[in-house]
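J.: Need a 3D model of the sequence below.
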Amino acid sequence: MIRRGGKGIPHDQPNALQAGPDEEVWEVKSARILKSGANILSPKLPVRLASLIFAAAMIVTIGVIAYFTEAGVMNSRAWVLHSYEVKTELEGLQSCLNEMRASGELYLLSKDKAELLHSREQATRIRDLSGSVQRLTRDNPSQQRRLELLRPLTEVEVVQLEAVVDTYMNGSLGPEMSKSLSEVSEGRKQISSAILAMQAEEDRLLKVRLGTWDALFKRNIITLGAAFAIAAILLTYNFRLLLAEIARRDETERLERQNAESYRALSARILELQDVERRKIARELHDSVGQYLVGLKLNLGQLQAGKSLAISDNPALLSETIDLMDRAIGEVRTISHLLHPPLLDELGFDSAARWYVEGFSKRSGIEAMLQVGDIVERLPKAVELALFRVLQEALTNVHRHANARLVRVEITCTDEEAVLVV
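T.: Residues are numbered from 1 along each chain as shown. Coordinates of the predicted model:
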């Protein structure tokens, strides 16, 4: 039974080369090896591509997070330094005010002009520090409002202190000087209160900015930890892929060695079968055509020996020579057709089978009956060739081993399979 696709040839039906079970076993084994090799070599491209895309996406994501985190850290650091700078300026302002007051009072007590000069230097520095604080806090409206209240107070205190000193230098130590000193003392309380309020605001801002800086630093640590973890996971996964690739390559090499051994065995088997077929053809040529040619040579030799006689004097010898020539030609034609019948290519299996069965019946003397079912369309060439070779070998085995007087051949064909029964 042979399917239309060319598959389904049973291993117990030899082909034209007398292929036995061993050859088909090797073919099945090689097919299985090739199939398993194809399964092993099939790369897991979707998995590797997904891993690559995931790694690239994680690198980009971590890079973006790290960039914005670092930018936030730098910004928070700048604001923290800004708060410390404002606090330093406020402390300097408070210190200058205290030094100006102390130097002024020492001058009133000791009449040391160096103290007077130092007091006036501190007054100049107070104005500079006030301008610096205003510049640093221009982004903070609340601090700007407090500074607008503080600067007039410091100016008033400087003016009042100068007035006290001028009054003292003029020798006027009456009630006006006592009043000026009391006004200076009252202004000091307001200035101290304003500076403390500004320092409290900067302390609050510093606490908030330090908290933001700490949060960004922690986020940076978490990002780095996540990047390390992801890198470790990807490294482990790709290491496993590498080990799997090495294992696949080892298995591929092993299968290639098996395939090479299978191909060598198949090649040896094919060569052996070809040699068997050549011996068969040589034996048939020797037993049939060779014998006719020997007889032909003998007759021609007799004719040459009696060349003085006319050919017409030996009609029997001439007739026998012609008959031997016809038999030799017919045998050569038969062998040629048996090797590859031209009808198989030209008209298909139906005509080739009828021709072969008729010729087999004439050559062997065995009565042969052929029954061929309706073949709607021509079979594939591979199927026709396989059926013809099976028919050849089956009838040859009948002639050699069956001692039969009648052989019946039935061929049926459906849409799915072709069945040959001998």
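
J.: rest of the way, CA atoms for contacts and neighbours
T.: Will do.

J.: Strands of the stretch 101-250 of the chain, residue ranges please.
T.: For the stretch 101-250 of the chain, applying DSSP state E, counting those that start in this stretch gives no strands.

J.: Can you list the low-confidence ranges for it?
T.: Judged by pLDDT under 70, the stretch 101-250 of the chain has its weakly predicted residues at 168-186.

J.: could you pull out the helices for it?
T.: Listed in chain order, the helices of the stretch 101-250 of the chain (DSSP state H, counting those that start in this stretch) span 113-136, 141-169, 175-284.

J.: So which of these is nearest residue 94?
T.: For residue 94, the closest of those is helix 175-284, at 7.3 Å, according to Cα to Cα.

J.: For that closest one, name the packing helices and strands.
T.: Helix 175-284 is packed against helix 21-41, helix 45-110, helix 141-169, with contacts defined by 3 or more Cα pairs under 8 Å, 6 or more residues apart in numbering; DSSP states H and E.

J.: looking at those, which is closest to residue 410?
T.: Residue 410 lies closest to helix 21-41 among the helices and strands packed on helix 175-284, at 24.5 Å (Cα to Cα).

J.: For the helices and strands packed on helix 175-284, give me JSON lines that also has distance to residue 359.
T.: Shown next, in JSON lines, are the helices and strands packed on helix 175-284 (distance: least, Cα to Cα, whole Å):
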{"stretch": "helix 21-41", "distance to residue 359": "29"}
{"stretch": "helix 45-110", "distance to residue 359": "60"}
{"stretch": "helix 141-169", "distance to residue 359": "120"}
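
J.: Relative to residue 293, which of those is closest?
T.: Judging the helices and strands packed on helix 175-284 by Cα to Cα, what sits closest to residue 293 is helix 21-41, at 37.4 Å.

J.: model confidence over that closest one, on average?
T.: Across helix 21-41, pLDDT averages out at 44.

J.: Residue 136 contacts residue 84, doesn't it?
T.: No: using Cα atoms under 8 Å, residue 136 and residue 84 do not qualify as a contacting pair, with a distance of 10.9 Å.

J.: Walk me through the domains of this structure.
T.: Structural domains annotated on the chain: 1-38+343-422, 46-243, as defined by automatic domain parsing.

J.: Can you redo those as CSV, where the extra columns are distance to residue 321?
T.: Listed next are these as CSV, based on distance: least, Cα to Cα, whole Å:
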stretch, distance to residue 321
domain 1-38+343-422, 21
domain 46-243, 79
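
J.: how about the ones you listed, which one is nearest residue 328?
T.: Across the domains of the chain (criterion: Cα to Cα), the nearest stretch is domain 1-38+343-422, sitting at 14.1 Å.

J.: Can you add mean neighbour count and distance to residue 317 and give the helices of the stretch 101-250 of the chain back as a markdown table?
T.: Output for these, formatted as a markdown table (neighbours: other Cα atoms under 10 Å; distance: least, Cα to Cα, whole Å):
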| stretch | mean neighbour count | distance to residue 317 |
| --- | --- | --- |
| helix 113-136 | 18 | 140 |
| helix 141-169 | 17 | 142 |
| helix 175-284 | 15 | 26 |
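
J.: Including distance to residue 293, could the ones you listed go into CSV?
T.: Putting the helices of the stretch 101-250 of the chain into CSV (distance: least, Cα to Cα, whole Å) gives the following:
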stretch, distance to residue 293
helix 113-136, 127
helix 141-169, 129
helix 175-284, 13
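
J.: closest one to residue 80 among those helices?
T.: With Cα to Cα as the measure, helix 175-284 is the member of these nearest residue 80 (5.9 Å).

J.: and whatever helix or strand comes next after that closest one, what does it pack onto?
T.: With elements assigned by DSSP states H and E, the helix or strand that comes after helix 175-284 is helix 290-305. In terms of contact count using 3+ Cα pairs under 8 Å, 6+ apart, helix 290-305 is assigned the packing partners helix 315-339.

J.: If I take the helix it packs on and helix 175-284, what angle do their directions form?
T.: 160 degrees (axes from the mean of the first three to the mean of the last three Cα atoms, to 10 degrees).

J.: So which elements touch the following helix or strand past helix 315-339?
T.: Heading C-terminal from helix 315-339, the first helix or strand you meet, by DSSP H and E, is helix 342-346. Other helices and strands packing on helix 342-346, by 3+ Cα pairs under 8 Å, 6+ apart, are helix 349-364.

J.: buried sites along the helix it packs on?
T.: Of the residues in helix 349-364, those buried by neighbour count under the rule 16 or more other Cα atoms under 10 Å are 349, 350, 352, 353, 356, 357, 360, 361.

J.: Can you convert the residues you listed into CSV and add a column each for pLDDT and distance to residue 229?
T.: Below are the buried residues of helix 349-364 laid out as CSV (pLDDT from 0 to 100; distance: Cα to Cα, whole Å):
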residue, pLDDT, distance to residue 229
349, 78, 71
350, 82, 74
352, 83, 75
353, 83, 75
356, 83, 78
357, 86, 80
360, 81, 82
361, 84, 85
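
J.: Check what contacts stretch 349-366 and list those residues.
T.: For stretch 349-366, the external contacting residues (Cα atoms under 8 Å, 6 or more residues apart in numbering) are 341, 343-344, 367-370, 372, 379, 384-385, 387-388, 391, 395, 399, 404-407.

J.: Now, the residues you listed that are in helices?
T.: When those are checked against helices using DSSP state H, the ones located there are 343, 344, 384, 385, 387, 388, 391, 395.

J.: Switch the residues you listed over to JSON lines, and while doing so, append neighbour count to every line.
T.: Rendered in JSON lines, the data for those read as follows (neighbours: other Cα atoms under 10 Å):
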{"residue": "343", "neighbour count": "16"}
{"residue": "344", "neighbour count": "19"}
{"residue": "384", "neighbour count": "23"}
{"residue": "385", "neighbour count": "21"}
{"residue": "387", "neighbour count": "23"}
{"residue": "388", "neighbour count": "22"}
{"residue": "391", "neighbour count": "23"}
{"residue": "395", "neighbour count": "23"}
